[in-house]
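A.B. asks: sequence? don't have it. structure:
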């Protein structure tokens, strides 16, 4: 790889580390091309990305980013998964690692905090931002819909009483 190509890769990775919300560092030794392609497709569909990295270039790219503490994790056949959503990349990588022993989660980082493999798996268990937003909207809407039901109930009861009275008077005449 030429020096200019290395500089370009370092700049690209530095941009990734500067903009992303979470990084998962993995070892992929033994994965076939088909398996990596399958993993990339799953990750891409979740709004994340998966990239095989050269360790020295990745370590240089980490300098000056919130993910600088990840540098010691880059040893051996390393690939990274990253996303802006803090749960997207860890969720897909963890699911894939459960089914395929060849992919090992080494660690990761979230907002400048170094995570071990167990913490990455715990992060994968959390609901995504979209799920949390949906739950919050549901919680906010629930009291309003209950209030509407309570306010409508007395009017419905009055209408039923008047209808029963009208039926009683109409049936006796």
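C.D. replies: Yep, that arrived. Values in this document were obtained by computation on a predicted structure and should not be read as measured data.

A.B. asks: Roughly how far does residue 6 sit from residue 82?
C.D. replies: 20 Å (CB to CB, to the nearest Å). For every residue, glycine as well, the C-beta is placed using N, CA and C.

A.B. asks: whoops, residue 96 was the one
C.D. replies: For residue 96, the distance to residue 82 (CB to CB) stands at 15 Å.

A.B. asks: what do you get for residue 104?
C.D. replies: 17 Å.

A.B. asks: Please apply the same query to residue 26.
C.D. replies: 11 Å.

A.B. asks: quick revisit: compare residue 96 and residue 82 and say which is more crowded by neighbours.
C.D. replies: residue 82 (24 against 21; other CB atoms under 10 Å).

A.B. asks: Skipping its backbone neighbours, what lies nearest that one in space?
C.D. replies: residue 20 (4.3 Å; CB to CB, 6 or more residues apart in numbering).

A.B. asks: Please give me every residue in contact with the one you found.
C.D. replies: 67, 82, 83, 84 (CB atoms under 8 Å, 6 or more residues apart in numbering).

A.B. asks: so can I have CSV of the residues you listed showing distance to residue 92?
C.D. replies: Rendered in CSV, the data for the contacts of residue 20 read as follows (distance: CB to CB, whole Å):
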residue, distance to residue 92
67, 19
82, 11
83, 9
84, 14
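
A.B. asks: Show me what residue 52 is bridged to.
C.D. replies: For residue 52, the beta-bridge partners under DSSP bridges are residue 79.

A.B. asks: Tell me how many other residues crowd it.
C.D. replies: 13.

A.B. asks: surely it meets residue 26?
C.D. replies: No. Look at residue 52 against residue 26 with CB atoms under 8 Å: they stay out of range, at 9.7 Å.

A.B. asks: what sits in contact with each of those two?
C.D. replies: By CB under 8 Å, 6+ apart, the residues touching both residue 52 and residue 26 are 78, 79.

A.B. asks: Okay, helices next: where are they in the protein?
C.D. replies: Under the criterion DSSP state H, the chain contains helices at 3-19, 33-45, 55-62, 88-99, 117-125, 129-172.
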